[in-house]
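Chemist: can you look at this prediction? I've put the sequence above it.
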Amino acid sequence: MAARDTFTKLGEDKKARILDVAVEEFSRHGFRQASVNRMVESIGIAKGSLFQYFGSKEGLFTVIFDHAVELVRQSLRQVKKESCEKDFFGRIKESLLAGIRFIERHPRVYRIYLKMIFQEDFPLRAEFLEQVHLFSAEYLQPVVEAGIERGELRPDTDVEMTVFMLDALMDRLLQAYCVPFLDAGASIYKAPADVLERKVDEFIKLLRCGMGAAGGRLVPQGGGGVGEYV
């Protein structure tokens, strides 16, 4: 459901203001408890105008969701461009770090996503979440295929299952960064940048052990510690 012409013809500042207020409302209250009255009061428009722009609260939320997806697309296009010369594992690392930066830049958008996961009363919840994961798969699949082609991943790697696993693991790490009860002792929740990068490096090391073309053999260092991957 797209925004109506009455909205698209508005000035850019007014459109940005309406979207900003709507993102704030949905991120704080979820969908069912979000108040159109609060939104129009904050924007300074008549209630009827909001319905003229979007048709319904569901229509407004759909536009907000599409807006959020476009922000994610822009972020991934950028990281794809910047990491294209890296190997598979470097690209996954940069993708995770980009995800964390996205959360820091757009915390309210990410809170809406978390509410969609943990609250079942969003309209079209299943369709929206399916779209998110299909979009993730579209991004990850060519990364995996390139890793196999270049000999960075084991030749017997199952592309579809690898994409599924990566999507699940990366999504869980980003959730743990934002939700304390999902951290499970990993010390990821709101970790400082230097700690977080070390955690991401450990994540990548585990991927190398299981997926790397060399078989992921770890050479022990002195004292029984885990050494370098070969």
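Modeler: In hand now; what should we look at?
Chemist: for the rest of this, base every contact and every neighbour count on C-alpha atoms.
Modeler: Will do.
Chemist: other residues contacting stretch 141-150?
Modeler: Stretch 141-150 is contacted by residues 87-88, 91, 153-155, 157, 159-160, 162-163 when judged by C-alpha atoms under 8 Å, 6 or more residues apart in numbering.
Chemist: equivalent analysis for stretch 65-76, please.
Modeler: Residues from elsewhere that reach stretch 65-76, judged by C-alpha under 8 Å, 6+ apart: 95, 98, 102, 109, 132, 139.
Chemist: swap in stretch 110-117?
Modeler: 23, 26-28, 30, 103, 122, 125, 129, 175.
Chemist: 7 Å - rerun?
Modeler: Residues from elsewhere that reach stretch 110-117, judged by C-alpha atoms under 7 Å, 6 or more residues apart in numbering: 26-27, 30, 103, 122, 125.
Chemist: now the most centrally placed residue in the chain: how far from V200?
Modeler: Central residue of the chain (C-alpha atoms, centre = their mean): G99, 5.8 Å from the mean position. With distances taken as C-alpha to C-alpha, to the nearest Å, G99 is found 12 Å from V200.
Chemist: next SSE downstream of the helix or strand hosting D66?
Modeler: Taking DSSP states H and E as the definition, D66 sits inside helix 57-82. Downstream of helix 57-82, the first helix or strand assigned by DSSP H and E is helix 88-105.
Chemist: return the alpha-carbon coordinates of that next one using CSV.
Modeler: What follows is helix 88-105, C-alpha atoms only, in CSV (Å, rounded to 0.1, in the frame of the first residue of the first chain):
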residue,chain,number,x,y,z
PHE,A,88,33.8,-13.6,2.2
PHE,A,89,34.6,-13.3,5.9
GLY,A,90,35.6,-9.7,5.6
ARG,A,91,32.3,-8.9,3.8
ILE,A,92,30.3,-10.6,6.5
LYS,A,93,32.3,-8.7,9.2
GLU,A,94,31.6,-5.4,7.4
SER,A,95,28.0,-6.2,7.0
LEU,A,96,27.6,-6.8,10.8
LEU,A,97,29.4,-3.6,11.7
ALA,A,98,27.2,-1.8,9.2
GLY,A,99,24.2,-3.3,10.9
ILE,A,100,25.4,-2.0,14.3
ARG,A,101,26.0,1.5,12.8
PHE,A,102,22.5,1.4,11.3
ILE,A,103,21.0,0.7,14.7
GLU,A,104,22.9,3.6,16.2
ARG,A,105,21.8,6.0,13.4
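Chemist: what's the angle from that helix to helix 57-82?
Modeler: In terms of direction (axes from the mean of the first three to the mean of the last three C-alpha atoms, to 10 degrees), helix 88-105 departs from helix 57-82 by 140 degrees.
Chemist: what angle do helix 57-82 and the following helix or strand past helix 88-105 make with each other?
Modeler: Next along the chain after helix 88-105, taking DSSP H and E as the criterion, comes helix 107-118. Between helix 107-118 and helix 57-82, the angle comes out at 110 degrees (the same axes, to 10 degrees).
Chemist: pull out the buried positions in the following helix or strand past helix 107-118.
Modeler: Toward the C-terminus, helix 107-118 is succeeded by helix 125-149 as the next helix or strand (DSSP H and E). Neighbour counts using 16 or more other C-alpha atoms under 10 Å place 128, 136-137, 139-141, 143-145, 147-148 of helix 125-149 among the buried residues.
Chemist: ok, now stretch 5-21?
Modeler: Buried residues in stretch 5-21, counted by 16+ other C-alpha under 10 Å: 7, 18-19, 21.
Chemist: C-alpha coordinates for it, CSV please?
Modeler: Output of stretch 5-21 as CSV, limited to C-alpha atoms (Å, rounded to 0.1, in the frame of the first residue of the first chain):
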residue,chain,number,x,y,z
ASP,A,5,-1.0,11.5,-3.9
THR,A,6,-2.2,13.9,-1.3
PHE,A,7,0.9,12.9,0.7
THR,A,8,3.4,12.6,-2.1
LYS,A,9,2.5,16.1,-3.3
LEU,A,10,3.3,17.7,0.1
GLY,A,11,6.6,19.6,0.6
GLU,A,12,9.6,17.6,1.6
ASP,A,13,9.8,19.2,5.1
LYS,A,14,6.2,18.4,5.9
LYS,A,15,6.5,14.8,4.6
ALA,A,16,9.7,14.3,6.7
ARG,A,17,7.9,15.7,9.8
ILE,A,18,4.9,13.3,9.4
LEU,A,19,7.2,10.3,8.9
ASP,A,20,9.4,11.3,11.9
VAL,A,21,6.4,11.6,14.2
